[in-house]
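J.: Show me the folded form of this:
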Amino acid sequence: MFIRAYLRASTKEQDATRAGSQLQNFAEERGFKIAARYIENESGTSLKRPELFRLLADCQAGDVLLVEQVDRLSRLNGDDWANLKAAIAAKRVRVVSLDLPTSYQLIHAGDEFSSRMLDAINGMMLDMLAAIARKDYEDRRRRQNQGIEKAKARGAFKGRPEDTKRNAALIGMLKGGQTWSQIVNATGVSTSTLSRLAKRIREEHLPGLRSSS
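T.: Have a look, this model is predicted:
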């Protein structure tokens with residue numbers, strides 16, 4: 001049995017490794033070592049998480065997927081959570097989460113009956129916490145949107161401040177002849193951002209474009 005730690009943060013600005021020492025201490029207190037760490041900065045609302053699926057691909061039956069909290073694993077909607085659970089079940093991986101004490105016993109292999117009972121109990125608890133994590137995400141998004149609408153009504157909403165340093169570098173790459181795919185692969189920036197900056201470059205060369213658009 002190998003313990004594989006999954007560490008996730010939602011954005012590149014956040015430290016995905018923050019809980020690494022906490023997971024390490026948890027394993028060592030039970031006489032185990034973490035065999036591998038899988039770290040990524042991706043939203044928990046998306047199944048597009050290469051490191052999570054690399055972890056599952058590396059797993060053998062009985063391995064442990066260790067996370068700090070269930071929401072590190074999932075803020076997914078119902079259908080996507082069902083798909084992820086099916087992928088975990090297919091590999092016969094045991095999910096252990098520090099915020100789910102019922103999962104702790106899964107780190108120790110037991111007889112088949114005990115293991116199946118623990119799997120069933122843990123599965124129900126995982127479903128519950130995954131649903132709570134999704135609801136928390138949706139509630140926060142709703143409150144955020146309500147706040148934006150109120151700010152717009154007051155004329156106080158100015159949107160997210162521009163990252164001028166980043167955009168200047170991207171404009172330099174565009175002017176230097178690099179393709180959009182090259183820039184996306186190198187920086188991770190969205191194509192919508194590149195489209196906006198490309199329009200800005202065109203407007204610089206064609207001053208009349210801004211007023212006519």
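
J.: hey, let's count contacts and neighbours off CA atoms from now on
T.: OK.

J.: pull the helix or strand with minimum mean pLDDT from the protein.
T.: Using mean pLDDT, DSSP states H and E, helix 208-212 stands out as the lowest-scoring helix or strand of the chain, at a mean of 43.

J.: low-confidence ranges in this structure?
T.: Applying pLDDT under 70 to the chain flags the ranges 109-115, 117, 156-160, 206-213.

J.: secondary structure class for the nearest residue to L47 once chain neighbours are set aside?
T.: Among residues not flanking L47 along the chain, D80 sits closest, at 6.8 Å (Cα to Cα, 6 or more residues apart in numbering). Recorded secondary structure, D80: helix (DSSP: H, G, I helix; E, B strand; the rest coil).

J.: quick one, domains of this structure?
T.: By the assignment in automatic domain parsing, the chain contains the domains 3-136, 164-212.

J.: so Y137 sits right up against L76, yeah?
T.: No - the pair Y137 / L76 is not scored as a contact, 9.3 Å apart, by Cα atoms under 8 Å.

J.: helices or strands next to the longest helix along the chain in the packing?
T.: The single longest helix within the chain, with elements called by DSSP state H, is helix 112-154. Where contact means 3 or more Cα pairs under 8 Å, 6 or more residues apart in numbering; DSSP states H and E, helix 112-154 is packed against helix 70-73.

J.: Any idea how many residues pack against the residue nearest to L47?
T.: Other residues lying near D80 total 15 when counted by other Cα atoms under 10 Å.
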